[in-house]
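Undergrad: Dropping the sequence and predicted coords here.
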Amino acid sequence: MAKIDASPHIVPLDTPICELDCRAAFQNLSPTERLYAHYFARASFEGSLVVPLQVSPESAGIFVLLYRLFSSEPVEELKSKALAVLMCSQGLSYQDWHAFLMYAAFFFYNSGNYASFGDRKFILNIPQDRFTQLVASSKAASLFPDLLSTYTSVEKGIFSVDKRSAYLGFNDVGVTTYHSHNVTKADCDLINRYMKEKNLEVWNTPGSIEDEFEGVRIGLEKGDFAEILARVCPLLEKTAEYAVNETQKAVLRKAASRLWIKDANPAVETFCGFMREYRDPAGTRAEFMGIVAAVNRETSKKFARLVAEAEKILPRLPWGGAYEKDTFLRPDFTALDVIACGTSGIVLGWIIPHMYNDIKQNEGFKNLALSNSISAMPKLPVNFVTKEDEKLLHEYTAKSFDVQVGCHELLGHGSGKLFQRNDDGTFNFDRESTVDILTGGKICSWYEPGETWESLFGHLAGGIEECRCEAVGFVLCCESDILEIFYGADAAFGQQMKYVNWLSTLLRGLNGLELYNPEQKKWNQAHSWARFILLKVVQEAGQGCLTIEETTDSSGAPDLSVRLDAAKIDSVGMPAVREFVKKLQAYKSTANVRAATALFEKYGVDATDLRWRAIVVSRMQPRRFFVQSNTKVTPDGKGVELVTYPETPQGVIQSVVERFSSESIDVLEKSWKADQNAMQLLPPVVCTGDAKLQNIAEDRPFKFLLTIRQRLDELRQISPGTLKMTTVHVRVTLL
């Protein structure tokens, strides 16, 4: 496999670690609410052990290895072995030791060895032979006889990166465990057609089925992650004992989303399930996420005002009432301080139900702004801007996020209608009177039964949706009454927040070029892709609104200069973005994949952008990550204490060691080994020569396993051990 430059795949030693501070919000909870939050947090974290199994083939094994290394003896004792015991054989240096701690902390935060933001692999950059000696001399090696064999099986994944393993993706060009090693995009497209034919949701495939489709015999078998999720069920049952209303107790299956949106203004928000589809290369199958958060009441007042005004604001969007939901269902929109988040990485905001567009469109939704994630902003140097702009960005970026997150989540994700043909042949829109807002003609495309936004648009879905919502934020933050909601009557200050919001978002688009893969011509992060497209749209508008110039710094190294003319945001930038987001909504509403693809390709990465990318990568700033708190029940069983940790790699590691029991890690290890065995023991299938599926058969086994990570199927009223996930064994027979 071709060698690559490994430097972008090494965790910088100066990567900032921020506390996800929830002290004040937790203290404001009642004793009962704290117990409710505690047990749901425990369920979320236990469920998050599924995530390493979803990231890469080696991630779960590395998780087991690191946990056992750090849980078997104090960090200082392990450090002594690294620096002293091994010194006789040229052991690890102090810098090597710090690099190991940073790698372990970053790994635990991401629940795997691929960064949750950008899907880029990261490796341990210390002498491999010396680390092997450290593992062998550790107390864990004597306590767990199979530790060395575990290490041997994941050693390559820890230390090496090549062209194929550099990023997540279909296994012919990247790494994924959503699909086995011999599944390609063509295979996945076939399964999606099958799901459409059977009107099955890809991320939530029930039951056990044997069927044939397009010459392929398909078997759906449940049972994935069963042992891990069996440990979640009792904790969810325990959570129900402290629920404050019947709605919180009654959450079940897909109905969980319906009931959850009816639980208005709770002091503690919770959600648990498989709802993050960004990391599946097909853009449809979902990663586990469990979250517990307490309401930040002061910031929530602003979002409540935005919700109250939403029905007056929505008509200002450039697509008209026919493209909007028949009735705007006012959501809960709260600012939350995260108490626990069990998944790969922590986001700034979220809309739930995330996966079920039919519920969002017809029944309602909730918006979450994660305040303590937004506010934790380390002051790092800002590339490519003037000193004056850098000062503004340091002072106001977090504050400017309020209006962008508010408009993005509520009026972005919460807006727009999907035109659909119903199962009975009727339509959810008037075909005679509804006009195509781009052509002026009639609507001539829509979603057929069984089609969803994600299944139809695939990998484009995330980028288009995030771009649409960021554009909505850009357009609406130019409205003076919306700025007043967030920043008060001082109009000048509101205008300054608008400028900072635009500039910071456009800069993230430019810096996001580091997450573009030039060889595969693929973006590895939907939000970065979205912001880069907006950068191109505003730049294309011209008239000096946004200028980017190639320069050199004082040492003669290539540099960039980015300038945004505040006076031209409303007159030049906003109209261009407004026209662009109109197209995105039109294509999304009418299921026009071809036109949406062409539009995004128009704003693809060109030769100039590649030069800029090289400059961005050379000046790349490390991305922050978080250390989370834990909760524990007091000895009398009546209270809950919040346990916090320092903003250091050791703090992150200690929080994880105290978060999980050895028994939980045993179950993770067992599940990991079973996954490996399942991949290896699949029986062959005979090919009889039909060329219909030659793309499946050519140069690889005639058998493949496609794993569909089903959404959490039961949240309560279920016996421990019965919670199942769905694995789809696709038996390929060329008939």
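TA: Yep, that arrived. From a predicted model like this one, the values you see are computed outputs, not experimental measurements.
Undergrad: Show me where this structure dips below the pLDDT cut-off.
TA: For the chain, the stretches with pLDDT under 70 are 1-2, 84-91, 201-211, 219-222, 247-264, 329-332, 351-365, 677-735.
Undergrad: longest strand anywhere in it?
TA: strand 332-342 (DSSP state E).
Undergrad: Which strands and helices lie in contact with it?
TA: Where contact means 3 or more CB pairs under 8 Å, 6 or more residues apart in numbering; DSSP states H and E, strand 332-342 is packed against helix 23-27, helix 31-47, strand 268-276, strand 287-295, helix 297-313, strand 366-370, helix 371-375. To be clear about C-beta, it is placed using only N, CA and C from the backbone, and glycine gets the same treatment.
Undergrad: Rebuild these as CSV, extending it with mean neighbour count and distance to residue 95.
TA: Shown next, in CSV, are the helices and strands packed on strand 332-342 (neighbours: other CB atoms under 10 Å; distance: least, CB to CB, whole Å):
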stretch, mean neighbour count, distance to residue 95
helix 23-27, 16, 33
helix 31-47, 24, 32
strand 268-276, 25, 35
strand 287-295, 26, 34
helix 297-313, 16, 41
strand 366-370, 24, 34
helix 371-375, 22, 30
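Undergrad: ok now the longest strand of the chain, how far from the chain's centre?
TA: In terms of CA atoms, centre = their mean, to the nearest Å, the centre of strand 332-342 is set 15 Å apart from its chain centre.
Undergrad: Helix 31-47 and that one, what's the angle between them?
TA: Interaxial angle, strand 332-342 versus helix 31-47 (axes from the mean of the first three to the mean of the last three CA atoms, to 10 degrees): 50 degrees.
Undergrad: Strand 332-342 pairs with which strands, parallel or anti?
TA: strand 287-295 (antiparallel), strand 366-370 (parallel) (DSSP bridges).
Undergrad: As JSON lines, the ones you listed with distance to residue 437 would be great.
TA: JSON lines is the format used below for the strands paired with strand 332-342 (distance: least, CB to CB, whole Å):
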{"stretch": "strand 287-295", "distance to residue 437": "34"}
{"stretch": "strand 366-370", "distance to residue 437": "26"}
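Undergrad: now the strands for the stretch 551-700 of the chain?
TA: For the stretch 551-700 of the chain, strands defined by DSSP state E, counting those that start in this stretch occupy the ranges 558-564, 625-627, 630-633, 640-643.
Undergrad: Just the residues contacting the first one, thanks.
TA: Spelled out, that is strand 558-564. 383-386, 499, 502-503, 506-507, 510, 545-553, 611-612, 614-616, 618-619 (CB atoms under 8 Å, 6 or more residues apart in numbering).
Undergrad: repeat that with 6 Å
TA: Strand 558-564 is contacted from outside by 384, 385, 503, 546, 547, 548, 549, 551, 552, 553, 615, using CB atoms under 6 Å, 6 or more residues apart in numbering.
Undergrad: what's near enough to touch the last one?
TA: Contacts here follow CB under 6 Å, 6+ apart; on that basis residue 615 touches 558, 560.
Undergrad: Can we start the residue count at 76 from this point?
TA: All set: I'll call the first residue 76, so the last point we hit is now residue 690.
Undergrad: Quickly note the distance from it to residue 167.
TA: 34 Å (CB to CB, to the nearest Å).
Undergrad: What of the fourth one?
TA: Distance check for residue 621 against residue 167: by CB to CB, it reads 47 Å.
Undergrad: which of those two has more neighbours?
TA: Using other CB atoms under 10 Å as the criterion, residue 621 and residue 167 rank with residue 621 on top: 25 against 22.
Undergrad: OK, contacts around the more buried one?
TA: With CB under 6 Å, 6+ apart, residue 621 has these contacts: 613, 614, 639.
Undergrad: hmm, back to that, could you say which one of the strands paired with strand 407-417 comes nearest to residue 108?
TA: Residue 108 sits nearest to strand 362-370 of all the strands paired with strand 407-417, at 7.9 Å, using CB to CB.
Undergrad: Residue 618 is in contact with residue 644, isn't it?
TA: No - contact criterion CB atoms under 6 Å: residue 618 and residue 644 do not qualify, at 11.4 Å.
Undergrad: Looking at these two, which is more packed in?
TA: residue 644 (23 against 11).
Undergrad: leaving aside the residues next to it on the chain, what's closest to the more buried one?
TA: Nearest residue to residue 644, sequence neighbours excluded (CB to CB, 6 or more residues apart in numbering): residue 577, at 5.8 Å.
Undergrad: Okay, and that neighbour sits in which element?
TA: According to DSSP states H and E, residue 577 maps onto helix 566-586.
Undergrad: would you list the contacts of strand 633-639 in CSV and tack on distance to residue 699?
TA: Below are the contacts of strand 633-639 laid out as CSV (distance: CB to CB, whole Å):
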residue, distance to residue 699
459, 19
460, 19
578, 19
621, 26
622, 29
623, 25
624, 29
626, 27
627, 29
628, 24
690, 22
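Undergrad: nearest to residue 507, of those residues?
TA: Using CB to CB, residue 621 comes nearest to residue 507 of the contacts of strand 633-639, at 42.3 Å.
Undergrad: now the closest one, which residues is it bridged with?
TA: In this entry, residue 621 is beta-bridged to residue 639, by DSSP bridges.
Undergrad: and it, how far is that from residue 466?
TA: 20 Å.
Undergrad: for residue 199, same thing?
TA: Counting by CB to CB - residue 199 and residue 466 are separated by 37 Å.
Undergrad: okay, these two: which has more neighbours?
TA: More crowded of residue 199 and residue 466, by other CB under 10 Å: residue 199, with 23 against 12.
Undergrad: Excluding residues flanking it in the chain, which one is nearest that one?
TA: residue 178 (4.6 Å).
Undergrad: Give me the residues contacting the helix or strand that contains that neighbour.
TA: Using DSSP H and E, residue 178 falls within helix 169-185. For helix 169-185, contacts defined as CB under 6 Å, 6+ apart pick out 86, 88, 141, 154, 157, 188, 191, 199-201, 419, 700, 724, 727-728, 731.
Undergrad: Contacts only, for residue 630.
TA: Per CB under 6 Å, 6+ apart, neighbours of residue 630: none.
Undergrad: can you list contacts of the longest strand of the chain?
TA: Residues contacting strand 407-417 (CB under 6 Å, 6+ apart): 95, 97, 100, 112, 116, 119-120, 122-123, 339, 344, 365-371, 374-375, 378, 382, 441-447, 485.
Undergrad: Try it again at 7 Å.
TA: 95, 97, 100-101, 112, 116, 119-120, 122-123, 339-340, 344, 364-371, 374-375, 378-379, 381-382, 421, 441-448, 485, 703 (CB atoms under 7 Å, 6 or more residues apart in numbering).
Undergrad: Now do the strands in the stretch 476-625 of the chain.
TA: Under DSSP E, counting those that start in this stretch, the stretch 476-625 of the chain gives strands at 591-592, 597-598, 621-627.
Undergrad: Nearest to residue 524, out of the ones you listed?
TA: Nearest of these (CB to CB): strand 597-598, 30.8 Å.
Undergrad: So what are the sheet partners of that closest one and their directions?
TA: Strand 597-598 has these strand partners (DSSP bridges): strand 591-592 (antiparallel).
Undergrad: buried sites along the strand or helix carrying residue 229?
TA: Assigned by DSSP H and E, residue 229 belongs to helix 222-234. Of all the residues in helix 222-234, those buried under the rule 16 or more other CB atoms under 10 Å are 222, 223, 225, 226, 228, 229, 230, 232, 233, 234.
Undergrad: wait, the first one sits on residue 215?
TA: So the one you mean is residue 222. Yes - at 5.4 Å, residue 222 and residue 215 qualify as touching, with contact defined as CB atoms under 7 Å.
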